[in-house]
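J.: Let's see this in three dimensions:
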Amino acid sequence: MVMPNMATEPSAATGPGTEEGRRPTIVPGPVSASAELTGRPRRRTFTAQDKLRILADTDRAAGTGGIGAILRREGLYSSALSDWRRQRDAGTLGALTPSKRGPKPPPPNPLATELASARRDNMRLKQRLERAEAIIELQKKVAELLGLPPMAHPGASDAEP
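T.: Residues are numbered from 1 along each chain as shown. All right, here's what the predicted structure looks like:
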């Protein structure tokens, strides 16, 4: 008598987290998020006055041990406080002002305004040259119609070949 093969592969439906081979029920999340929550958290920024106020508060509370309470009240980490202290001690009040994040625009080229001015002058002079050439051509045609001898070019020599 041949015994049937009892070794069966475990199915994906059995295993931890399931009851008797049934798949767990998936509960969908809420359809709409709460109106109180924003789509994307925003980075907080502090003005220089806020930073100086917080630093003054922590300096007053240094002897009493209340720095932790101030940090909790303001929602800050001690690393931000130490950065602000370092900037204040270095005398860089401008460093305490929040700056725009991301790539900085390139500094303006000091020769850019001079180049723009030169280009404007070049265009103006080209237009004057075109007008002058048009006037000269008109004068040549008028002289030809009137039968006058051609005028010598001011830059040309008297002895023409």
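
J.: can we go C-alpha only for contacts and neighbour counts from here?
T.: Noted.

J.: Look through this protein and tell me its longest helix.
T.: Taking DSSP state H as the assignment, the helix of the chain that covers the most residues is helix 112-146.

J.: Which elements pack onto that one?
T.: If contacts are counted by 3 or more Cα pairs under 8 Å, 6 or more residues apart in numbering; DSSP states H and E, helix 112-146 sits against no helix or strand.

J.: how deep is Lys51 tucked in, by neighbour count?
T.: Lys51: 20 surrounding residues under other Cα atoms under 10 Å.

J.: so it sits in a helix?
T.: Yes - the assignment for Lys51 by DSSP: H, G, I helix; E, B strand; the rest coil puts it in a helix.

J.: So it is in contact with Trp84, correct?
T.: Yes - with contact defined as Cα atoms under 8 Å, Lys51 and Trp84 form a contacting pair (7.1 Å).

J.: which ones are touching Lys126?
T.: With Cα atoms under 8 Å, 6 or more residues apart in numbering as the criterion, no residue contacts Lys126.

J.: got a pLDDT number for it?
T.: Here the pLDDT value assigned to Lys126 is 97.

J.: same thing with the one 5 residues further on?
T.: In the predicted model, Arg131 carries a pLDDT score of 96.

J.: what does the one 4 residues further on give?
T.: Among the per-residue scores, Ile135 shows a pLDDT of 94.

J.: before we move on, what about Gly63?
T.: Predicted confidence (pLDDT) for Gly63: 75.

J.: ok, now how distant is it from Phe46?
T.: Per Cα to Cα, to the nearest Å, Gly63 is found 25 Å from Phe46.

J.: who's more crowded, these two?
T.: When Gly63 and Phe46 are compared for neighbours, Phe46 comes out ahead with 12 against 9, by other Cα under 10 Å.

J.: can you confirm that one is in a helix?
T.: No - read with three-state DSSP, Phe46 is coil and lies in no helix.

J.: From Ser117, how far off is it?
T.: Counting by Cα to Cα - Phe46 and Ser117 are separated by 42 Å.

J.: Could you do Leu146 as well?
T.: 44 Å.
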